[in-house]
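Chemist: need a structure here:
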Amino acid sequence: MKKLLLASAIVLSSSASFAVAPGGPNCGWGNMLFAGQSGLPSHLVASVTNGTSGNNTFGMTLGTNGCSTDGTLTYGGKKMINVGAIMDEFSEDVARGDGEALTAVAVSFGVTAEDRPVFKQALHQNFNSLFPHADVAAEDVMASIVEVMKNDQRLVKYVSQA
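Modeler: Numbering: from 1, shown residues only. Predicted structure coming up:
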């Protein structure tokens with residue numbers, strides 16, 4: 001049960017991270033008031049202005065305040081999976097070729113249900129390159145996963161998006 005909750009939390013946090021700039025990058029009074037400014041303080045005040053007044057939600061609903069819902073939401077940051085937090089369980093799952101942590105990582109990469117067996121098998125077959133020594137860093141494991149996926153014709157599409 002604990003493993004299921006952990007995997008669910010990872011999947012939910014990962015899927016929630018895909019929406020950035022609802023209504024567009026120019027949406028809301030905060031963006032209007034601080035147009036042309038840069039830096040963390042300006043971005044924070046613009047975000048607080050939009051969030052506390054609800055004007056960007058209003059703008060998206062009515063198509064005002066520089067807001068639009070026509071575009072596709074994108075995410076330009078890193079994946080929200082922290083393999084380091086589940087490294088022991090993940091390495092055991094990769095060694096077996098199946099498991100909840102391995103499934104959670106597949107989901108975080110956006111691997112569809114029909115390609116997950118391929119993902120699991122590819123990682124299982126490359127266990128020694130993913131985990132070359134006992135104290136391998138999570139960042140190195142993630143980089144190795146990306147390399148394994150780039151070298152697989154069915155999995156490459158999931159890393160070309162990232």
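
Chemist: just checking, His124 is part of a helix?
Modeler: Yes: looking at His124 with DSSP: H, G, I helix; E, B strand; the rest coil, it is inside a helix.

Chemist: Thought Gly97 was touching it, still the case?
Modeler: Yes: counting by C-beta atoms under 8 Å, Gly97 is a contact partner of His124 at 3.6 Å. Quick note: C-beta positions are derived from backbone N, CA and C, even for glycine.

Chemist: shaky segments in this structure?
Modeler: Counting by pLDDT under 70, the chain contains low-confidence residues at 1-25, 72-81, 160-162.

Chemist: show me where it has helices.
Modeler: 2-16, 29-33, 40-53, 55-62, 87-96, 100-108, 116-125, 127-130, 138-150, 156-160 (DSSP state H).

Chemist: And the residue of the chain most remote from its centre, how far from His43?
Modeler: Distance to the chain centre peaks in the chain at Leu33, reaching 30.6 Å (criterion: C-alpha atoms, centre = their mean). As defined by C-beta to C-beta, to the nearest Å, Leu33 lies at a distance of 12 Å from His43.

Chemist: same deal with Asp70?
Modeler: Distance from Asp70 to His43, by C-beta to C-beta: 24 Å.

Chemist: Please say which of these two ends up with more neighbours.
Modeler: His43 (14 against 6; other C-beta atoms under 10 Å).
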